[in-house]
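[1] quick one, structure for this:
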Amino acid sequence: MGRKTEVATAAEFAYYGYDKLAACRELVEDCLGGQWQIKGKTKKYLPADKWQQQHNDDYDAYLFRALFFDYTRKALNRYVGMLNMGEPDISLPENGKLDFLKDRATQYGDGLKSLQRRLNEAQLSQGLICCLLESTGRDDAPFVIQTYRARDFLRTKFDTENGRSFARFVLLDESGYEYDTATKQDVEKRQLRVLGLDRNNEYYQAGIEFGAWPDFDLLEPNSGNIVYPDYHGNRMNWIPFTWCGASSLSGTSFDDPPILNVANAEISLYQLYADYRQVLYMTGQSPLFITGLKGDAKTAGEWLKAMYVNSGALNVLPDGAQAQYLEVPAQSLSIFSQEVEKLKELCSHDALSLSDNKSNQSGVAIQLIQDSNTSPLQIINSVAGDAITEQLRYAAMWIGVDEEEILGTRYTPSKDFAEANLTVQELISVDGTDSLTTEEKRNIWLENGYGDPKKTIEEFLEEKEKAREESMQNSPVIQGNGNPFAKKEQNNDSEEE
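    As a prediction, this is how the structure comes out:
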């Protein structure tokens with residue numbers, strides 16, 4: 001059953017590790033929501049200290065000065081855009097009954113290409129998205145592929161028969177809010193959906209309340225709204241459900257969101273930058289601190305009111321009293337500034353690379369694009385294609401095409417992103433990194449079409465520096481692709497001329 005709480009929650013029925021993954025996914029989701037979503041969760045991401053808890057106005061000003069940079073959103077947009085370069089290769093049964101899926105595949109009316117984008121975005125930000133092939137009963141579009149968020153999937157169980165592994169049931173959380181037209185209020189709807197195979201191995205769906213799950217009979221469903229999906233009277237003998245993770249189609253092993261490292265670094269930057277901005281503010285607002293005033297509060301208050309603070313001001317303090325400004329040490333500001341820049345650099349490197357979460361080396365970012373066959377990005381691309389292929393094959397099996405056509409049904413995403421050259425900014429960052437040798441840097445330039453492989457490293461560096469200086473002297477604007485080093489083809493053409 002899982003954990004017991006006073007009020008039943010979906011997490012109570014979920015797989016082991018659900019809570020930890022949910023926390024990771026929520027952090028990424030909050031970062032993708034941007035500054036106002038992060039600032040809206042003050043206790044979680046920027047909690048008030050003891051002083052700020054007692055002085056709400058000071059905390060509000062501190063929170064207002066904080067800045068969130070949106071590195072996580074930029075990283076997600078960058079990689080989703082890369083993964084969706086070019087057009088996919090789609091093969092469907094020859095009878096044309098599934099051709100409609102190219103343009104209308106999902107419950108939102110999206111085509112297969114848009115579905116891939118949705119999967120890629122969820123793979124990167126949540127580490128998981130699930131797909132369910134639904135029968136609509138319509139002749140023009142008999143199927144749709146419905147997607148479920150990572151947090152909607154709660155539990156499954158796999159059986160093995162004749163060497164084939166298959167899901168015996170899948171438990172989903174379909175809770176949400178519905179608008180009640182009678183009361184004109186949003187009403188919470190707490191419901192689970194069970195996808196299962198009954199005693200006859202026929203696929204069914206059941207919508208049940210939370211309290212019905214412990215006594216629900218999976219082999220002989222006996223409660224809730226039970227439906228046996230069919231296509232022209234043909235029922236299925238499998239659950240057409242697909243897990244699309246960041247690294248596999250596994251329904252039992254799940255990944256952290258691949259961009260979690262960016263989100264973690266960005267939250268650290270947000271917290272540090274809030275303190276940095278506070279120090280900057282205090283530097284320009286040095287408070288006057290007075291000690292040694294004697295007498296009761298009224299007498300001390302009269303002395304304070306009589307104080308005049310300005311250039312050339314002259315004040316006479318009573319004996320034993322001292323006044324001085326509290327200054328923020330310049331060294332503290334410098335240390336803050338250095339740490340902020342380090343975190344910015346870390347966020348930028350993580351946003352430009354999808355390396356293993358344990359590695360933040362900038363050299364890995366370059367290898368990601370150059371060696372895409374083994375990169376996490378390539379794996380994400382391949383898994384998304386496999387997930388869509390599995391859904392299409394479920395549909396092909398349901399309409400009754402032969403085994404050969406089923407196996408020929410596939411969706412292969414474009415790999416154009418794997419051949420994309422590094423941008424000028426990325427090549428410049430290659431020169432500035434300490435994690436690559438001079439030889440490795442040269443190879444990266446050559447692989448992107450710059451320089452002459454026949455020349456030595458010394459000649460290469462000399463030519464590159466000379467070209468850079470000439471480009472700066474001849475024109476304030478860098479022409480073409482903005483790189484001071486001409487491409488090899490351009491060099492050859494100029495030599496022939």
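[2] got the phi/psi numbers for residue 128?
    Dihedral pair for residue 128: phi -160, psi 140, per degrees, to the nearest 10.
[3] next: the one 5 residues further on.
    Backbone geometry at residue 133, expressed as degrees, to the nearest 10, gives phi -80, psi 120.
[4] ok, it - how many residues close by?
    Using other C-beta atoms under 10 Å, the number of residues around residue 133 comes to 23. C-betas here are computed from N, CA, C, even on glycine.
[5] distance of it from residue 406?
    The gap separating residue 133 from residue 406 is 14 Å, by C-beta to C-beta, to the nearest Å.
[6] likewise residue 130?
    Distance from residue 130 to residue 406, counting by C-beta to C-beta: 22 Å.
[7] would you mark the buried spots in stretch 91-108?
    For stretch 91-108, a neighbour-count test (16 or more other C-beta atoms under 10 Å) marks 92-93, 97-98, 100-101, 105-106 as buried.
[8] pick out the most distant pair among these.
    Spatial extent of these (C-beta to C-beta) is set by the pair 93 and 106 at 19.5 Å.
[9] which of the helices or strands spans the nearest residue to residue 405 once chain neighbours are set aside?
    With sequence-adjacent residues excluded and distances taken as C-beta to C-beta, 6 or more residues apart in numbering, residue 405 is closest to residue 93, at 4.9 Å. For residue 93, there is no helix or strand it lies in under DSSP states H and E.
[10] return the distance of residue 93 relative to residue 385.
    As judged by C-beta to C-beta, residue 93 and residue 385 stand 18 Å apart.
[11] again, but for residue 267
    Distance, residue 267 to residue 385, using C-beta to C-beta: 32 Å.
[12] tell me the confidence at residue 284?
    In this model, residue 284 is scored at 63, pLDDT.
[13] for residue 23, same thing?
    pLDDT at residue 23 comes out at 94.
[14] pull up the distance across stretch 247-264, start to finish.
    Stretch 247-264 has its terminal residues 21 Å apart, counting by C-alpha to C-alpha, to the nearest Å.
[15] rounded mean pLDDT for that stretch, please.
    Averaging pLDDT along stretch 247-264 yields 90.
[16] and stretch 387-396, by the same measure?
    Computed over stretch 387-396, the mean pLDDT rounds to 96.
[17] can you show me the CA trace of that stretch as PDB?
    Output in PDB follows, covering the C-alpha atoms of stretch 387-396 (Å, rounded to 0.1, in the frame of the first residue of the first chain):
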ATOM      1  CA  ALA A 387       8.400   5.700 -27.700                       C
ATOM      2  CA  ILE A 388       6.500   7.100 -30.700                       C
ATOM      3  CA  THR A 389       7.300   4.000 -32.700                       C
ATOM      4  CA  GLU A 390       5.900   1.800 -29.900                       C
ATOM      5  CA  GLN A 391       2.700   3.700 -29.900                       C
ATOM      6  CA  LEU A 392       2.400   3.500 -33.700                       C
ATOM      7  CA  ARG A 393       3.000  -0.200 -33.600                       C
ATOM      8  CA  TYR A 394       0.300  -0.600 -30.900                       C
ATOM      9  CA  ALA A 395      -2.100   1.100 -33.400                       C
ATOM     10  CA  ALA A 396      -0.900  -1.100 -36.300                       C
END
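[18] list the buried residues of that stretch.
    Here stretch 387-396 shows 387-396 as buried, counting by 16+ other C-beta under 10 Å.
[19] what do you get for stretch 218-225?
    By neighbour count on 16+ other C-beta under 10 Å, the buried set for stretch 218-225 is 218, 221, 224.
[20] I'm done for today, thanks for sticking with me.
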